[in-house]
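Chemist: Pasting a predicted model and its sequence here:
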Amino acid sequence: QVQLVESGGGLVQSGGSLRLSCAASGFAFTYHAMRWFRQVPGKERELVASIGTTDYYTIYGDAVKGRFTISRDNSKNMVYLQMNSLRPEDTAIYYCNARMTPYEYWGQGTQVTVSS
C-alpha cells in the first residue's frame, strides 16, 4: 500500500533552517509529482511546494518563494523540503502528498515550530 512518512520537523528559532524528508513507498514514485502542504489548526491546508517527476518542474506558494526549496531523489524514493529563513508564521504541521487521480495520499505530518 502507499506510504508516505515525513521526518525532520522540530523547533527552530526565527531565521533558522530545517530540512524535511518524505520517504515514499508502495507506488511507482518516479512517475508521480509530489507535493508538500502545511496546516495550522483552524485553517485550510495550504500548498507549500510541488515538484514534477524531476527537479526541473517546481512550484512554490507565494509565502515561501525564495526561502524554501523542494527536491527529490528518485533513486531513494525520497522528496525533501529545505526551509531557510524560517519565520514564526511558518509554524504548522507539514504533510507530504502524492496524487494519483482519483486518489490522494497523505503522510502523518511533521510539526515545525518557529520561535520568535
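Modeler: Good, I have the coordinates.

Chemist: Now do the strands in this structure.
Modeler: Using DSSP state E, the strands of the chain run over residues 3-7, 10-13, 18-25, 34-39, 46-51, 58-60, 68-73, 78-83, 92-100, 103-106, 110-115.

Chemist: beta partners of Ser50?
Modeler: On the basis of DSSP bridges, Ser50 is bridged to Arg35, Ile59.

Chemist: and it, how many neighbours?
Modeler: Residues lying near Ser50 (other CB atoms under 10 Å) number 18. Bear in mind the C-beta positions are built from the backbone N, C-alpha and C, glycine included.

Chemist: What separation do you get for it and Leu18?
Modeler: 19 Å (CB to CB, to the nearest Å).

Chemist: again, but for Gly42
Modeler: 23 Å.

Chemist: more neighbours, these two?
Modeler: Shown here are Gly42 and Leu18; by other CB under 10 Å, Leu18 has more neighbours (21 against 5).

Chemist: Identify the residue nearest that one in space, chain neighbours excluded?
Modeler: Of all residues not flanking Leu18 in the chain, Met83 sits nearest, at 5.0 Å (CB to CB, 6 or more residues apart in numbering).

Chemist: Let me see the contact set for Thr110.
Modeler: With contact set as CB atoms under 8 Å, 6 or more residues apart in numbering, Thr110 has these partners: Glu6, Ser7, Gly8, Gly9, Leu20, Ile93, Tyr94.
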